[in-house]
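Trainee: based on what follows, work out the 3D shape:
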Amino acid sequence: MKIFVGCSSRTIGNPDYDRVADGIGEWIAENGHAFVFGGCGEGLMGRIYRKVAAGHGEIHATQAKVYQDELDGLDIKDENKHVIDTINQRKDFYAQLADVLVYIPGGIGTLDELISGIETRRSGEHENPIVIVNVNNFFGPVLEMLDKIYDEGLATRETTEKLYYVAGTLEDALKKLTEICNK
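Mentor: Numbering: from 1, shown residues only. Got it, this is the predicted structure:
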């Protein structure tokens, strides 16, 4: 399967986040899956990329034209380097390319990708399972906002919560990914 991971492109040195990135990268490589990502060799993205590359896994980079220089220096087959005109088109592209969407700590782009992933699944634009790895309660405020939206009746909890799975630990996330990939 092709596993998209939305995450940080900045190196911040948080050992908990690094452990999650390393664990997901190793799991993708060891289980023969492909890694789909934003095409940056830095931050958590870079950690996963290096783990998958070291395990000789398949890698697909999806990058918006404005950031295409971040693909420089990455050892990825040319046919697996996908430069897309805009960020919004890139999100649509990777959602169609991938089979599963995973989100681990990241910045504004990751938050945008997460909300877009949930909404486009809700609207039927893709059927990819979504796994949110909420290590150190990183996504807690976002999940609280979603709870407020449900509590206020602005979205239906029973419908929307079925669209994503929240894992509190790396181990929980890998267990869920294994379950998804073995269906």
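Trainee: quick one, helices of this protein?
Mentor: 15-30, 43-54, 87-97, 108-122, 140-151, 157-160, 170-181 (DSSP state H).
Trainee: winner for burial among the ones you listed?
Mentor: Stretch with highest mean neighbour count among the helices of the chain: helix 43-54 (a mean of 22; mean count of other C-beta atoms under 10 Å). For the C-beta atoms, the positions are set from N, CA and C on the backbone; glycine is no exception.
Trainee: identify the residues contacting it?
Mentor: 5, 7-12, 17-18, 20-22, 24-26, 28-29, 35, 37-41, 58-59, 74-75, 104-106 (C-beta atoms under 8 Å, 6 or more residues apart in numbering).
Trainee: pretty sure Ile118 is touching Val131, no?
Mentor: No. Ile118 lies out of contact with Val131 (C-beta atoms under 8 Å); the separation is 11.7 Å.
Trainee: shared neighbours, these two?
Mentor: Counting by C-beta under 8 Å, 6+ apart, the contacts common to Ile118 and Val131 are Tyr164.
Trainee: what's the nearest residue to Phe35 if we skip its chain neighbours?
Mentor: Of all residues not flanking Phe35 in the chain, Val52 sits nearest, at 4.3 Å (C-beta to C-beta, 6 or more residues apart in numbering).
Trainee: also Ile149?
Mentor: Nearest non-adjacent residue to Ile149, counting by C-beta to C-beta, 6+ apart: Ala155, 4.9 Å away.
Trainee: I figured the one you found was touching Met145, is that so?
Mentor: No. Counting by C-beta under 8 Å, Ala155 stays clear of Met145, with 10.9 Å between them.
Trainee: what about Phe138, how many residues nearby?
Mentor: Phe138 has 20 neighbouring residues, counting by other C-beta atoms under 10 Å.
Trainee: mind listing what it touches?
Mentor: Neighbour list for Phe138: 17, 104-105 [criterion: C-beta under 8 Å, 6+ apart].
Trainee: mind listing the residues bridging to the closest residue in space to Tyr164 that isn't next to it in sequence?
Mentor: Nearest residue to Tyr164, sequence neighbours excluded (C-beta to C-beta, 6+ apart): Ile130, at 4.0 Å. Following DSSP bridges, Ile130 is listed with bridge partners Leu101, Tyr164.
Trainee: please name the residues that touch Ile130.
Mentor: Ile130 is in contact with 100-103, 114, 117-118, 121, 163-165, counting by C-beta under 8 Å, 6+ apart.
Trainee: now swap in Gly23 and tell me
Mentor: Counted by C-beta under 8 Å, 6+ apart, Gly23 has contacts 170, 174.
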